[in-house]
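> show me how the following folds:
(one chain, ligands or ions: 1)
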Amino acid sequence: MPLAFTLALSCGAAAQNVERVLLADTQSGVRAWFSPDVGLWLEGFGGQKRVVIGRGSEPRFDAQGQLWFTRSEDDGHEIRRRETWFLARGTAVPVRMHGTGPAYRLPAPSPRPLGAPVKVVIDAGHGGSDPGALGNGLREADINLAVALRLEAWLALDAADARGGGDWTILMTRRSDTDVSLASRANAANAFGAASFLSIHMNSFTTSSANGSETFCYTGQEGRAAGLYRNRVQSELLSAWGLTNRGVKTANFYVLRNTSMPAVLMEGGFITNTVDASKMKSAASIDRLALGLLWATQEHHGFTRYTPSSGPTTGTLTGVVYDASQGTGARIVDASIVLSDGASQRSVATTGAFSFALPPGTYSYVASAPGFAPAALTRTVVANQTIWGSPGLRPMIGPSIEGPFSTVAGNPLQLTVRADAQSPVLVLIGSTPQLLTIGNFGVSVPDLTTSVAVSLGVVPASGTLAASIPTPVASKGARVLMQPFAFVARAPKLGNAAAFELK
Ligand SMILES: [Zn+2]
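Numbering: from 1, shown residues only. As a prediction, this is how the structure comes out:
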């Protein structure tokens, strides 16, 4: 039986709506498309399956329904090699027919790309008087907006980068913390003539154990474009955040029901779960999710997954950790640097340096090392710039005793301790107090078999601590050993000792 074909070549602005359909097999429903971004691709084989062929031209169907096309190698001026390929009906792998045609001059490049920008809607859920879900100190509306704005930035970078990806016109349903009704969101998307709609939400539950990611399309849309977009979004969500897979689902949500284009609603994670919320608190995690959503949107619209690189995306936060009592040349190696968004690093063994690649934003960070008081800094990272911020740590000082103190047996022992502010202080009292070093870790702990340990508390900001040791402990003739100690990976490490002997 002969097959009927229609040829719908675009020519001029009037054909912009069908600009990329080159060929359609009306009987099988297979359509061949071409765009400068993707090359040649097919839609219709195996249901909605899309086959991206890439570089190719001159597509034509034969009487058996096989697609033939041409691939050429060129140096930008002259065709060096031409090959004929074909794709059998219902298959996804093109077969090459060998052949080299004569060299000929290429036509002048087209001054503008064939395809028009794809219109996409990014919908940050909630906002304004509606904060959405609450939990772990977070408002859902803020997280949704942060993800949406990062995705908008990635889409804009992609549109500006001609080397790959897609070309986009973006409608944001909101770009700040404002009230936007569900009807306004759907109406705006419909009026915009969007090709896809992505609504960004975070979940919550009454118990903190509920967790994971899930993505929805409208009921009955599974297997159709909305369902396929939903599946891609869920897949990227799982790759980006690594949370529990709650699966792809359908729902009768307002924005899914009342939008006229393929629409998806994602629930990134549970704001009420601490693990999920840690992703929402991290600027790096939000950026990674937004990049995944760009990839899902690219692939949904027939583009090859592409990370745009033409614009600035991150800046560098760098510095060295040094001993502030000696100057910046005295580097502290293997110090811990913990960022406010959860990322952490250790300063390198030779230079005490650290370096984070971060999305633009303001970060506070704390550097700490055994034997030193922690120090905090705040810096604002700017895209494509290196921002320096070197924390100087001061050594913890062994405490000294300020007298006079009572030495009368049977009375409380009154002490005033001077030490680094925020240093915990421990007093060991015994006839032969000593410190034991455990294993290879250099962690010293009091030997309680020969002494009694009394925690005096934490030296306040003034640097002094007044304490009273109860009578039975402060017996005449005892030795008192005072220790500041730092917590290193949950193990108390005692610092410089100061001992005195009661008369
Ligand atoms: Zn929500």
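
> identify the residues contacting the closest residue to Tyr254 other than its chain neighbours.
Excluding the flanking residues, the one nearest Tyr254 by Cβ to Cβ, 6 or more residues apart in numbering is Leu182, at 4.4 Å. Yep, even glycine has a C-beta here, placed from its N, CA and C like the rest. Under the criterion of Cβ atoms under 8 Å, 6 or more residues apart in numbering, the contact partners of Leu182 comprise Tyr254, Val255, Asn258.

> can you say which of those residues are buried?
By neighbour count, with 16 or more other Cβ atoms under 10 Å, these hold Val255, Asn258 as buried.

> which of the contacts of Leu182 sits closest to the ion?
The shortest approach to the ion among the contacts of Leu182 belongs to Val255, at 10.6 Å (Cβ to the ion).

> would you say that closest one is within a strand?
No: counting by DSSP: H, G, I helix; E, B strand; the rest coil, Val255 falls outside a strand, being helix.

> mind checking pLDDT for the residue nearest to Tyr254?
Per-residue confidence (pLDDT) for Leu182: 95.

> returning to what we had before: any chance of the contacts of Leu182 in JSON lines, plus pLDDT and distance to the ion?
Shown next, in JSON lines, are those (pLDDT from 0 to 100; distance: Cβ to the ion, whole Å):
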{"residue": "Tyr254", "pLDDT": "93", "distance to the ion": "12"}
{"residue": "Val255", "pLDDT": "94", "distance to the ion": "11"}
{"residue": "Asn258", "pLDDT": "92", "distance to the ion": "16"}
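
> what secondary structure does whichever residue of the chain sits closest to the ion sit in?
Using Cβ to the ion, the single residue of the chain nearest to the ion is His201, 3.5 Å away. With three-state DSSP as the basis, His201 sits in strand.

> Arg394 now?
Taking three-state DSSP, the label given to Arg394 is strand.

> now Tyr365
Secondary structure of Tyr365, reduced to three states by three-state DSSP: strand.

> what do you get for Ala141?
For Ala141, the assignment made with three-state DSSP gives helix.

> hang on, it packs against Val147?
No: counting by Cβ atoms under 8 Å, Val147 is not a contact partner of Ala141; they are 11.2 Å apart.

> and for the two, which residues touch both?
By Cβ under 8 Å, 6+ apart, Ala141 and Val147 have these common neighbours: Ala124.

> can I get the CA coordinates of stretch 202-219 in CSV?
This file holds the C-alpha atoms of stretch 202-219, laid out as CSV (Å, rounded to 0.1, in the frame of the first residue of the first chain):
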residue,chain,number,x,y,z
MET,A,202,8.2,21.2,48.5
ASN,A,203,6.3,18.7,50.6
SER,A,204,5.5,18.4,54.3
PHE,A,205,3.9,16.0,56.7
THR,A,206,2.8,15.9,60.3
THR,A,207,5.7,13.5,61.2
SER,A,208,9.3,14.3,60.4
SER,A,209,10.1,10.8,59.1
ALA,A,210,8.1,11.3,55.8
ASN,A,211,10.7,12.0,53.1
GLY,A,212,11.5,11.8,49.4
SER,A,213,10.8,13.3,46.0
GLU,A,214,7.7,12.9,43.8
THR,A,215,6.5,14.5,40.5
PHE,A,216,3.0,14.7,39.1
CYS,A,217,1.2,15.2,35.8
TYR,A,218,-2.5,15.6,35.3
THR,A,219,-4.7,12.5,35.6
